[in-house]
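Peer 1: This is a predicted model, with the sequence first.
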Amino acid sequence: MTPSESHQAVGADGPPNTDPRASGDRPRGEDGSGAGGGRADSYYGRPVVKPLRWHVPNMPAYLFLGGLSGGASVMAAGAEATGRPRLALTGEITALLAGTAGAGLLVAELGRPDRFLNMLRVFKPTSPMSVGAWVLAAQGGLTAAAAGSYLTGVLPRVGRAAGYATAVTGPAMATYTAVLLADTAVPAWQRARRELPFLFAGSGMAAAGAIGMTVVPGPEGAPARRLAIAGATLEAAATAVLERGLGYEGEPYGLGRAGRFLRIGRTLSMLGAAGALLAGRNRGKGRAGRGNGRHGGWGGGRGADSGDGRALAAVSGLALLGGALCTRFGVFFAGDASARDPAYTVLPQRERREAVTTPAPDARDAT
């Protein structure tokens with residue numbers, strides 16, 4: 001469409017443009033995106049919000065790895081507190097590797113490492129980017145200290161204290177990216193500002209539990225299975241709200257690439273959670289005593305750990321990891337689709353304006 005034709009679509013003199021996408025009168029969900037009903041004109045038919053400049057798969061993978069690192073830190077702290085050294089070590093190493101890889105992807109998006117370092121020059125509590133940079137730095141340092149102490153045996157008290165401290169930075173690490181996305185002008189992300197933190201927290205819990213139950217499949221890994229099941233349940237509930245509870249502003253979560261990734265992610269997560277639950281019940285039948293930890297606080301007795309049980313735990317863990325990763329891709333693609341379509345920006349603004357300017361009906365008129 002030429003510039004002159006675009007100009008006609010936004011009200012210039014001359015024959016009107018009959019392109020349904022330019023006028024915003026296209027049917028609901030056409031071409032995998034787009035809000036239905038009403039006109040959604042924008043200046044020269046251009047998107048109101050600038051298209052995302054982040055790269056795929058860098059940014060979705062960064063979102064996934066941040067959640068994995070945060071969830072693994074919480075799992076490790078709980079395992080350490082209840083005397084489960086293998087699960088604690090698995091959690092600390094996972095948190096360190098995931099956080100390091102995520103930081104590398106972030107630096108790749110920024111272009112130069114010094115840009116990340118510049119964000120640490122100040123701390124602004126009102127800036128999600130500033131808070132996130134400090135959370136990422138603190139999480140990296142604490143997980144490095146905890147994992148290094150576990151592996152070398154040097155300064156065990158310091159390593160244990162660092163591991164417990166990650167129970168504080170871990171939840172922030174898993175959810176700060178949700179706040180960062182919701183603080184942008186991207187309609188689908190901004191509208192889901194209340195739901196995204198729960199979605200990212202559940203996804204991180206499921207991914208961390210998947211690693212734990214795969215690497216430590218015996219009774220010591222029972223807390224990881226429970227964490228994975230709880231995370232997958234929270235993730236599925238938050239995804240359902242995104243797809244059906246946000247009105248037409250939530251349409252991008254159910255359409256196109258975003259909808260496909262979210263549906264695949266929900267299916268994998270539910271299959272993985274069912275497998276984790278089945279694996280736990282099978283081991284529970286052969287339980288012979290209390291847990292092998294010092295305190296036994298997270299459950300799981302000594303039971304038979306058959307080859308079939310290990311295979312089921314591994315397959316379930318892979319399904320949970322795949323579901324968490326697909327969820328992050330789905331959220332990213334939903335934001336990209338809503339930024340490209342002016343309808344998701346114009347129609348909500350018009351609706352809010354009409355709600356403010358339209359006077360409320362007088363009770364005397366009703367009578």
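Peer 2: Perfect, I can see it now.
Peer 1: alpha carbons only for contacts and neighbour counts from here, please
Peer 2: Fine.
Peer 1: Grab the nearest non-local neighbour of the residue most central in space within the chain.
Peer 2: With distances taken as CA atoms, centre = their mean, Phe200 lies nearest the centre of the chain, 3.1 Å away. Leaving aside its sequence neighbours, Phe200 sits nearest to Thr175 (CA to CA, 6 or more residues apart in numbering; 5.7 Å).
Peer 1: How about Val154?
Peer 2: Per CA to CA, 6+ apart, closest to Val154 is Gly148, 7.8 Å.
Peer 1: and the one you found, what element?
Peer 2: helix 128-152 (DSSP states H and E).
Peer 1: So which elements touch that helix?
Peer 2: helix 85-110, helix 113-119, helix 156-182 (3 or more CA pairs under 8 Å, 6 or more residues apart in numbering; DSSP states H and E).
Peer 1: can you put those in JSON lines and add mean neighbour count and distance to Met213?
Peer 2: Shown next, in JSON lines, are the helices and strands packed on helix 128-152 (neighbours: other CA atoms under 10 Å; distance: least, CA to CA, whole Å):
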{"stretch": "helix 85-110", "mean neighbour count": "22", "distance to Met213": "9"}
{"stretch": "helix 113-119", "mean neighbour count": "13", "distance to Met213": "34"}
{"stretch": "helix 156-182", "mean neighbour count": "22", "distance to Met213": "19"}
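Peer 1: By mean pLDDT, show me the worst of those.
Peer 2: Among these, helix 113-119 carries the lowest mean pLDDT, at a mean of 84.
Peer 1: Now do the helix holding Gly148 against helix 85-110, angle only.
Peer 2: Inter-element angle recorded for helix 128-152 and helix 85-110: 140 degrees (by axes from the mean of the first three to the mean of the last three CA atoms, to 10 degrees).
Peer 1: show me the contacts for Pro187.
Peer 2: 249, 335, 338-339, 344-345 (CA atoms under 8 Å, 6 or more residues apart in numbering).
Peer 1: at 10 Å what do you get?
Peer 2: Going by CA atoms under 10 Å, 6 or more residues apart in numbering, Pro187 touches 49, 249-250, 252, 334-346, 348.
Peer 1: Over to Cys326?
Peer 2: Per CA under 10 Å, 6+ apart, neighbours of Cys326: 60-61, 64, 203, 258, 260-266, 268-269, 320, 332.
Peer 1: Which one of those sits in the busiest neighbourhood?
Peer 2: Comparing the contacts of Cys326 by number of neighbours (other CA atoms under 10 Å), Ser203 comes first, having 37 neighbours.
Peer 1: element containing that residue?
Peer 2: Going by DSSP H and E, Ser203 is part of helix 196-215.
Peer 1: go on, Ser338?
Peer 2: Assigned by DSSP H and E, Ser338 belongs to helix 307-340.
Peer 1: That helix versus helix 196-215: what angle between them?
Peer 2: Relative orientation of helix 307-340 versus helix 196-215 (the same axes, to 10 degrees): 150 degrees.
Peer 1: and the angle for the next helix or strand after helix 307-340 with helix 307-340?
Peer 2: Downstream of helix 307-340, the next assigned helix or strand under DSSP H and E is helix 343-357. Interaxial angle, helix 343-357 versus helix 307-340 (the same axes, to 10 degrees): 60 degrees.
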